[in-house]
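> Sequence first, predicted model second:
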Amino acid sequence: MKAILRDLTPLLLLISWPFVAFLANNRDQVLQLEDVLVPWLIVAVLAIALALLIARGIGGHPTGRVAITLGFLGVVFFSFGALADLMILLGVRLGTVWLATWLVVFLLVGAIAWFLSRRPAAYSFATVVALALIAWPALQLVTDGVATVESHDAGSQTDTAAQQRPAAESRPNVYWFLLDGYIRDDALARYFDYDNEPFLSSLSGQGFRIGTSSFANYDNTMLSLTSTLTSEYRQLPDGDAPDADEQVSILSGFNPVVSRFISLGYRYIHAPYAGAAKTQCSGQEDRCIRARPSGSIPLNSVQVSLLQLTPLFRVLRQLVDGAFRYDHIFVEDVMSGLGTAQSEPFFLFAHILSPHAPPRYSADCKRLNGIGERIDVGEDTYDPAQFRIDTKCTSQSVGRAIRDIIASDPTDPIIILQGDHGFKFRLPGEPSAGPEAAATSEGLFRRLAILNAMRLPNKCRDTFTSSLTPINTFPLVFACIEGRPPNLKPDRHFIRPTGSEGGILEVRHGLSE
């Protein structure tokens, strides 16, 4: 038994590397660890079973040789995504070429590993290689940790909140639709030749004020949302990065804004955008509104990202139409989940991952089932035509929701429509840019100009200014609800360009466009 365990050690280490590296590469994301640990366990069990089965089948019990060979094949198997990215950099964009190249590498590595595994030093060599692969990502995890979602007892949290909630008063319901990556109308016109004036005019006609010169405080979702939900700047250039677990807790409902609403007698309704990252339901909410499923195989963003490391995602998507389900929430799902009016006022936080990539709509504004090639393009190239489609269709669905809310909600509701950051992806033909490009006037405008529109009761409608930034959203809302002047923070803006290793830069000039 000890001999078998020893023989299997290189295999276990080598197939663990992709998962350790994945955790390290996503330290700034909000993860549920079981989304990584369960696939890790499944792959480990399958790899061990396959090694033992092959060793028994070929006779002689060469378990060590089989384990070493499968271990290196596992490394190549989970390196498909990296190989595809490399080939894109070399100008090769045809998926069949990626698969053919990967297959050649896979077979070549397997043959070499099988040939060398007969040598006496093979076990030690494979173990050293595996430890070397794991060492750096493991060190990153030890030093930085990983943001994780902790499950709370929803019943006990809700009961506690209900006990602390004062008697309901006549207060306006508050709807916050966070439209991820929704940019300002002048940025839409400049970069996408898209006229958003009909949508904005419709909002104005229904009592909205539009932030014609609003900029985000940060150019990424995590810092932008946590700053809005705390009304505090979460990271400064001369300070440490925020604690990952605290960020998760804030996004999951445990934050000053939600606590303040509860103290004012509000119920909290939370609508997270998907099943894996960033905003989550964790028990603080009175009601969690989840996405309507689509596709045949349920996956969340973490599982999709893991699968995209391998060739399976691309192959299975070609064989089974709409095979994979990524539960993105649409505005219609949120409105359906709200149901009938409640006796107590409520605060809704709905995180809609549109018009941010990946694509969610067809050209005729029908929902796209399943998921596309990538769930987050980052700062790579993205199709501007698809961004126009998703902007148009998101606006249409939001417009219908606004009309329904105003027609049916008797509380003179407060409605907030807000992007969290501008766009950072490259347009076709644009070269890859370094960190310095983000700090130019053009780069700042692209990364920070956002949609910011708010419908307030008549008594405080004039407190909204055209340059209001997200960090002052809820100080303004609470001042309106409580009938007092708002106490606003000075507007500050920060960017975290690619290549800055997590550091941020404060923008002091260049936002006048």
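Received, thanks.

> separation between His270 and Leu353?
15 Å (CB to CB, to the nearest Å). (Glycine included, C-beta is placed from N, CA and C.)

> and what of Ala24?
Counting by CB to CB, the gap from Ala24 to Leu353 is 24 Å.

> State the phi and psi torsions of Leu468.
phi -60, psi 130 (degrees, to the nearest 10).

> For it, the count of nearby residues, please.
23 (other CB atoms under 10 Å).

> Could you find the closest non-adjacent residue to it?
Gly211 (5.3 Å; CB to CB, 6 or more residues apart in numbering).

> What residues does that neighbour make contact with?
If you count contacts by CB atoms under 8 Å, 6 or more residues apart in numbering, Gly211 has them with Arg184, Ile450, Leu451, Asn452, Ala453, Met454, Phe464, Thr465, Ser466, Ser467, Leu468.

> sorry, back to before: so His270 and Leu353 - more neighbours on which side?
A direct count of neighbours by other CB under 10 Å for His270 and Leu353 places Leu353 higher, at 29 against 25.

> how far away is the closest residue to that one other than its chain neighbours from Ser305?
Closest residue to Leu353 apart from its sequence neighbours, by CB to CB, 6+ apart: Tyr273 at 4.2 Å. For Tyr273, the distance to Ser305 equals 15 Å [CB to CB].

> measure Arg290 to Ile48 for me?
Remark: distance between Arg290 and Ile48 (CB to CB) = 35 Å.

> Mark out where each domain of this structure begins and ends.
Using automatic domain parsing, the domain parsing of the chain gives 2-144, 149-292+327-507.

> Now do the end-to-end distance for the shortest one.
Chord length of domain 2-144, first to last residue, is 35 Å (CA to CA, to the nearest Å).

> That domain - what's its average pLDDT?
Averaging pLDDT along domain 2-144 yields 88.

> next one: that domain to chain centre, how far?
Averaged C-alpha coordinates place domain 2-144 at 27 Å from its chain's average position (CA atoms, centre = their mean, to the nearest Å).

> Buried residues, the helix or strand harbouring Arg6. List them.
Assigned by DSSP states H and E, Arg6 belongs to helix 2-25. Across helix 2-25, burial judged by 16 or more other CB atoms under 10 Å covers 4, 7-24.

> surely Pro485 meets Ala479?
Yes - Pro485 lies in contact with Ala479 (CB atoms under 8 Å); the separation is 6.2 Å.

> Pro485: what's it in contact with?
So Pro485 contacts Thr463, Ala479 (CB under 8 Å, 6+ apart).

> Which of the helices or strands spans it?
Counting by DSSP H and E, Pro485 is found in no helix or strand.

> Next: Leu476.
With DSSP H and E as the test, Leu476 turns up in helix 473-482.

> I'd like to know which elements that helix is packed against.
For helix 473-482, the elements it packs on are helix 221-230, helix 256-263, strand 414-418, judged by 3 or more CB pairs under 8 Å, 6 or more residues apart in numbering; DSSP states H and E.

> report the angle between the axes of that helix and strand 414-418?
In terms of direction (axes from the mean of the first three to the mean of the last three CA atoms, to 10 degrees), helix 473-482 departs from strand 414-418 by 170 degrees.

> which other residues reach helix 473-482?
Applying CB under 8 Å, 6+ apart, the contact partners of helix 473-482 are 171-172, 174, 176, 228-229, 231, 257, 260, 264, 414, 416, 418, 454, 456-457, 459-460, 463-464, 468, 485-489.

> any idea how far Arg190 is from Glu379?
Taking CB to CB, one finds Arg190 at 18 Å from Glu379.

> hmm, I was thinking of Pro431
In terms of CB to CB, Pro431 sits 12 Å off from Glu379.

> between these two, which one's more packed in?
Between Pro431 and Glu379, counted using other CB under 10 Å, the more crowded position is Glu379 (16 against 7).

> residues near Cys393, how many?
Residue crowding around Cys393 was assessed by other CB under 10 Å; the count is 22.

> dump the residue contacts of it.
Ser354, Arg360, Tyr361, Cys365.

> ok, of those residues, which come out buried?
Judged by 16+ other CB under 10 Å, buried ones among the contacts of Cys393: Ser354, Arg360, Tyr361.

> does Trp176 sit in a helix, a strand or a coil?
strand (DSSP: H, G, I helix; E, B strand; the rest coil).

> Isn't it up against Phe349?
Yes - counting by CB under 8 Å, Trp176 touches Phe349, with 5.1 Å between them.

> neighbour-wise, which of these two wins?
Phe349 (27 against 22).

> low pLDDT regions in the stretch 401-513 of the chain?
433-439, 497-502, 509-513 (pLDDT under 70).

> how about the strands in it?
Here the stretch 401-513 of the chain has its strands, by DSSP state E, counting those that start in this stretch, at 414-418, 452-455, 493-495, 505-507.

> ok, now the stretch 251-400 of the chain?
Using DSSP E, counting those that start in this stretch, the strands of the stretch 251-400 of the chain run over residues 267-271, 287-288, 297-299, 324-326, 346-352.

> so which of those strands gets nearest Ile58?
Across the strands of the stretch 251-400 of the chain, Ile58 has its closest neighbour in strand 297-299 (33.5 Å, CB to CB).

> now that closest one: mean pLDDT?
Strand 297-299 comes out at a mean pLDDT of 65.

> And for stretch 356-365?
90.

> Need the CA coordinates for it. PDB is fine.
The C-alpha trace of stretch 356-365 is given here as PDB (Å, rounded to 0.1, in the frame of the first residue of the first chain):
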ATOM      1  CA  HIS A 356     -20.400  43.800 -19.600                       C
ATOM      2  CA  ALA A 357     -19.100  40.700 -21.400                       C
ATOM      3  CA  PRO A 358     -19.900  38.000 -22.100                       C
ATOM      4  CA  PRO A 359     -22.800  38.400 -24.700                       C
ATOM      5  CA  ARG A 360     -26.200  38.100 -23.200                       C
ATOM      6  CA  TYR A 361     -28.500  39.100 -26.100                       C
ATOM      7  CA  SER A 362     -29.000  38.300 -29.800                       C
ATOM      8  CA  ALA A 363     -29.500  41.200 -32.200                       C
ATOM      9  CA  ASP A 364     -33.300  41.000 -31.700                       C
ATOM     10  CA  CYS A 365     -32.800  41.200 -27.900                       C
END
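
> which of the residues in it are buried?
Buried residues in stretch 356-365 (16+ other CB under 10 Å): His356, Ala357, Pro358, Pro359, Arg360, Tyr361.

> so what's Ile54 up against?
Neighbours of Ile54 in contact, by CB under 8 Å, 6+ apart: Val66, Leu70.

> Would you list the phi and psi of it?
Dihedral angles (degrees, to the nearest 10) for Ile54: phi -70, psi -40.

> Distance check, it against Arg65.
Note on Ile54: its distance to Arg65, by CB to CB, is 10 Å.

> Lovely, talk soon.
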